[in-house]
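# Task: produce atomic coordinates for the following.
(one chain, ligands or ions: 1)
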Amino acid sequence: MTDRTGPGGLRMAGTIAALTADSSYVRHARRRDVDRILEVIGTYVARHVLLARTRDEVLDEIASWWVGDLNGEVVGCAALRDFGAGLGELRSLSVVAAAHGRGLGESLVHAVVREARRRAITRLFAITRNPGYFARHGFIELSIDEVPEILHADRVPWSRRSGAGHAMALDL
Ligand SMILES: CC(C)(COP(=O)(O)OP(=O)(O)OC[C@H]1O[C@@H](n2cnc3c(N)ncnc32)[C@H](O)[C@@H]1OP(=O)(O)O)[C@@H](O)C(=O)NCCC(=O)NCCS
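I've put the predicted structure just below:
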């Protein structure tokens, strides 16, 4: 068998693996992430999967945004909207196609859920074209009538939204 121990006794194969391994993690968004956040959600906005967000809107709420980082590049994001009275909404969950399947979506959901619990939110909503993904994370589907009025009022009017979407909720 080939000896993979290099100079100084380093395990060369392991070292190379460590140097080439992808690094991905989720962190709080910073103001300088805003343009990249808009790019990440932009692809899905164009496909009517996500609602558009303005630059000012993201900047105003930057403390409630998280980003997924893959090898130093922002490739995903999610936001928490806190309506008070124990109601919250997970918004704008997205990961660029090239970074799918690495668990970044899940980590973003977890980051938002953790913060929602910290804020004593007891019901977290997600209005989505992609109910299957939220169901994987314990959300259950509700009828649109069960979505509190405050969520409708805060968004683009329901009737103007393309495809409307499924109402999902997670009780915390
Ligand atoms: C949904 C999304 C955020 C998932 O991101 P991701 O980083 O690939 O997610 P994860 O790596 O945590 O999970 C991937 C797993 O979820 C599964 N999955 C993805 N979409 C799914 C769906 N609609 N229903 C069920 N499972 C789904 C994948 O098949 C994969 O399964 P596996 O782990 O068994 O192989 C990403 O696909 C995305 O940005 N989609 C477009 C935007 C969107 O729909 N956002 C949610 C609505 S607001």
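# drop to CA atoms for contacts and neighbour counts, all remaining ones
OK.
# neighbouring contacts of the helix ranked longest in the chain?
Ranked by number of residues, the top helix in the chain under DSSP state H is helix 104-118. Helix 104-118 is touched from outside by 24-26, 66-68, 76-80, 82, 88, 90, 93-95, 122, 124, 137, 172, with contacts defined as Cα atoms under 8 Å, 6 or more residues apart in numbering.
# now stretch 34-50
Applying Cα under 8 Å, 6+ apart, the contact partners of stretch 34-50 are 51-55, 58-59, 67, 74-77, 92, 94-96, 128-129, 162-163.
# same question, stretch 165-172
117, 121-131, 134-135, 138-144, 147.
# go again using 7 Å as the cut-off
117, 122-129, 131, 138-144 (Cα atoms under 7 Å, 6 or more residues apart in numbering).
# How about stretch 124-144?
For stretch 124-144, using Cα under 7 Å, 6+ apart, the contacting residues are 49, 87-91, 165-171.
# repeat that for 10 Å
Applying Cα atoms under 10 Å, 6 or more residues apart in numbering, the contact partners of stretch 124-144 are 48-51, 80-82, 86-93, 105-106, 109-110, 112-113, 116-117, 147-148, 151-152, 162-172.
# Which members of the contacts of stretch 165-172 are classed as buried?
For those, a burial check counting by 16 or more other Cα atoms under 10 Å picks out 123-129, 131, 139-141.
# overlap between the contacts of stretch 165-172 and the residues near the ligand?
Filtering those for proximity to the ligand (criterion: Cα under 6 Å from any ligand atom) leaves 128-129.
# taking the contacts of stretch 165-172 one by one, which sit in strands?
Secondary structure defined by DSSP state E assigns 123-128, 140-142 of these to strands.
# measure Val77 to Tyr44 for me?
You called it Val, but residue 77 is Cys. 12 Å (Cα to Cα, to the nearest Å).
# More neighbours: these two, which one.
It is Cys77, of Cys77 and Tyr44, that has more neighbours when counted by other Cα atoms under 10 Å, with 30 against 17.
# what about the helix or strand containing the more buried one, average pLDDT?
Assigned by DSSP states H and E, Cys77 belongs to strand 73-84. Across strand 73-84, pLDDT averages out at 97.
# strands paired with that strand, and their directions?
Using DSSP bridges, strand 73-84 pairs in its sheet with strand 65-70 (antiparallel), strand 87-95 (antiparallel).
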